[in-house]
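>>> coords below, sequence missing:
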Ligand code: EPZ
């Protein structure tokens, strides 16, 4: 098994380019099922979840070709409706988007319950609520989800009971080819939602988001398109936390600062210098940062996907702080692994309380994607040589982590264990 070896205690200096956003590349890839034509998708991150999504489409008859390092051609003209690669689907949350696109194209879909990072249940009742209101019958049975249109799906008005990125995107995918206008109220407004809407509109759809309401005016068909994925805001913010742990002076290029602005203000309030210019942001920290208390919430507020990394960074601040998790209450598995490095973190209900801690080298295990990223943050700031196992979790969402950290002066290697 592969593992990361990190020699901590080095300040980071240099410049890296942020990759395309995993959490919009995945729905955009699945959205090509709605388009019987060639689509060229640019700025696609080379991460394992993307390879998994492309494998799933290929197994169903799609033509998939990497034109350049980050550009992939997808043609689903000859796609069959039968889903294969059950194991891959059951491991990845984003495969839930197959429900919306296969329902729209084939009027029915049967897939294994989608998986995802293991921090508690990952329910899909909001997705199914939307499909049922559009006129489908939904059945969860023996670990599978079966959905079929009773006659034909019909546009309608939908109000989500809770803000859900996945349900928002899935219902849009199921609605773009329906006659009439479907509205979705209480929708998610994360950048990856807008990324998917932009892609669909570029392909001929008519989707408008105004605040937390989406209007989806159905069209008869979509056409092939060339589209560039938005930059990954969580990858960018993860590098903010790395700098907060090590100190130094780094520049991130290819970012969309608007997506980062709420969190960037928090880092600035802690003493980090954050200077943005066009699609670049320069981060500097030369003294220990002050502490902070944050609460996770849907965009545009503090993202839950930054919680573990931010908690790890708080260990290296003068005052420590707190992270209150309001979206995934079970997202705390990272704490026990950081404690192996000497972190002083206590969980009380849905709050992680972090005291300033002198972290030292340890052998740790990633338990999910962002928990793994938190261990990288901890190891970079700790003294000595740490190892991080279960790298398979981390490579799901971070492209070329070792290359990027090495180019910033971090001492990191990807090694093969026995
Ligand atoms: C997406 O997951 C992301 N994953 C997650 O990123 C991210 O943490 C999450 O959005 C929130 O921003 C992908 O895009 C592949 P939700 P998703 O539906 O769509 C509850 C990462 O690290 N809920 O917005 O599954 C749910 O349990 C991953 O990149 C229901 O109760 O998230 C959660 O408490 C981790 N019923 C809240 O809503 C539903 O039907 C938000 O979930 C759907 C969701």
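Structure's in. What do you need? Values in this document were obtained by computation on a predicted structure and should not be read as measured data. Residues are numbered from 1 along each chain as shown.

>>> Let's verify the residue in the chain positioned nearest to the ligand: helix, strand, or coil?
Closest to the ligand within the chain is residue 166: 2.8 Å, counting by CB to the nearest ligand atom. C-beta: built from backbone N, CA, C; applies to glycine. Classification of residue 166 by DSSP: H, G, I helix; E, B strand; the rest coil places it in helix.

>>> What are the neighbouring residues in contact with the residue lying closest to it once chain neighbours are set aside?
Once its chain neighbours are removed from consideration, residue 166 has its nearest residue in residue 96; the separation is 5.6 Å (CB to CB, 6 or more residues apart in numbering). Applying CB atoms under 8 Å, 6 or more residues apart in numbering, one finds that residue 96 lies in contact with 114, 124, 127, 166, 170.

>>> where in the stretch 51-200 of the chain is pLDDT low?
The model of the stretch 51-200 of the chain has pLDDT under 70 over residues 116-117.

>>> Those residues of the stretch 201-350 of the chain touching the ligand, which are they?
For the stretch 201-350 of the chain, the residues in contact with the ligand (CB under 6 Å from any ligand atom) are 304-305, 327-328.

>>> and which of those is nearest residue 335?
Proximity of those to residue 335, judged by CB to CB, is greatest for residue 328, which lies at 13.8 Å.

>>> and the closest one, what element?
For residue 328, there is no enclosing helix or strand under DSSP states H and E.

>>> Quick one: neighbours of it, just the number.
Other residues near residue 328 come to 19 when the count uses other CB atoms under 10 Å.

>>> per-residue confidence at it?
In the predicted model, residue 328 carries a pLDDT score of 95.

>>> ok, for it, nearest residue in space, not its chain neighbours?
By the measure of CB to CB, 6+ apart, the closest residue to residue 328 outside its immediate chain neighbours is residue 119, 5.1 Å from it.

>>> Now that the one you found has come up, it's in contact with residue 334, right?
No: with contact defined as CB atoms under 8 Å, residue 119 does not reach residue 334; the gap is 9.3 Å.

>>> So these two - more neighbours on which side?
Neighbour tally, residue 119 and residue 334, criterion other CB under 10 Å: the higher count belongs to residue 334, 29 against 22.

>>> The residue of the chain closest to the ligand reaches residue 130, doesn't it?
No: counting by CB under 8 Å, residue 166 sits too far from residue 130 to count as a contact (10.5 Å).

>>> Contacts made by the helix or strand where residue 260 lies with the rest, please.
Assigned by DSSP H and E, residue 260 belongs to helix 257-269. For helix 257-269, the external contacting residues (CB under 8 Å, 6+ apart) are 191, 230-231, 233, 236-237, 240, 244, 274, 276, 279, 281, 283, 289-290, 292, 294, 300-303, 306.

>>> Can you select the buried ones from those in ChimeraX?
In ChimeraX, this line selects whichever of the contacts of helix 257-269 come out buried by 16 or more other CB atoms under 10 Å:
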select :191,230,231,233,236,237,240,244,274,276,281,283,289,292,294,302,303,306
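
>>> hey, where'd the helices end up in this protein?
Ranges of helices within the chain are 22-31, 48-59, 86-91, 97-106, 125-133, 165-175, 191-202, 233-246, 257-269, 307-314, 334-340, 369-381, 391-394, 401-407, based on DSSP state H.

>>> In TSV: these, plus distance to residue 73.
Rendered in TSV, the data for the helices of the chain read as follows (distance: least, CB to CB, whole Å):
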stretch	distance to residue 73
helix 22-31	11
helix 48-59	11
helix 86-91	21
helix 97-106	18
helix 125-133	28
helix 165-175	20
helix 191-202	15
helix 233-246	24
helix 257-269	27
helix 307-314	34
helix 334-340	37
helix 369-381	27
helix 391-394	27
helix 401-407	25
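
>>> nearest to residue 142, of those?
Proximity to residue 142 (CB to CB) singles out helix 86-91 among the helices of the chain, at 11.9 Å.

>>> Residue 246 is in contact with residue 286, correct?
No: counting by CB under 8 Å, no contact exists between residue 286 and residue 246, whose distance comes to 11.0 Å.

>>> The two - which one has more neighbours?
A direct count of neighbours by other CB under 10 Å for residue 286 and residue 246 places residue 246 higher, at 25 against 11.

>>> Show me the domain layout of this structure.
2-18+231-416, 22-228 (automatic domain parsing).

>>> Just give me how far the longest one sits from the chain centre.
It stands for domain 22-228. Distance of domain 22-228 from the chain centroid (CA atoms, centre = their mean, to the nearest Å) equals 15 Å.

>>> What separation is there between residue 407 and residue 85?
34 Å (CB to CB, to the nearest Å).

>>> Of the two, which one has the most company?
Higher neighbour count among residue 407 and residue 85: residue 85, with 20 against 16, using other CB under 10 Å.

>>> residues touching the more buried one, list them.
In this structure, residue 85 makes contact with 55-56, 59, judged by CB under 8 Å, 6+ apart.

>>> one more time with 10 Å
Listed by CB atoms under 10 Å, 6 or more residues apart in numbering, the contact partners of residue 85 are 52-53, 55-60, 91-92, 95, 111-112.

>>> Am I right that residue 396 is in contact with residue 53?
No: between residue 396 and residue 53 no contact is recorded; they are 11.1 Å apart, counting by CB atoms under 10 Å.

>>> overlap in contacts of the two?
Both residue 396 and residue 53 are in contact with 22, 92, where contact means CB under 10 Å, 6+ apart.

>>> neighbour count winner among those two?
For residue 396 against residue 53, the residue with the higher neighbour count under other CB under 10 Å is residue 53, and the figures read 28 against 23.

>>> any idea of the mean pLDDT for stretch 275-295?
For stretch 275-295, the mean per-residue pLDDT is 98.

>>> How far does it stretch from one end to the other?
This stretch, stretch 275-295, spans 24 Å end to end (CA to CA, to the nearest Å).

>>> Now for residue 119 and residue 334: what residues contact both?
Counting by CB under 10 Å, 6+ apart, the common neighbours of residue 119 and residue 334 are 307-308, 367-368, 370-371.

>>> Among those residues, which pair sits farthest apart?
For the shared contacts of residue 119 and residue 334, the farthest-apart pair by CB to CB is 307 and 367; their separation is 13.3 Å.

>>> Find residues that contact each of these two.
When contacts are counted by CB under 10 Å, 6+ apart, the set common to residue 307 and residue 367 consists of 119, 331-332, 334, 374.

>>> Quick one: these as CSV, columns for distance to residue 258 too.
Rendered in CSV, the data for these read as follows (distance: CB to CB, whole Å):
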residue, distance to residue 258
119, 28
331, 25
332, 30
334, 28
374, 25
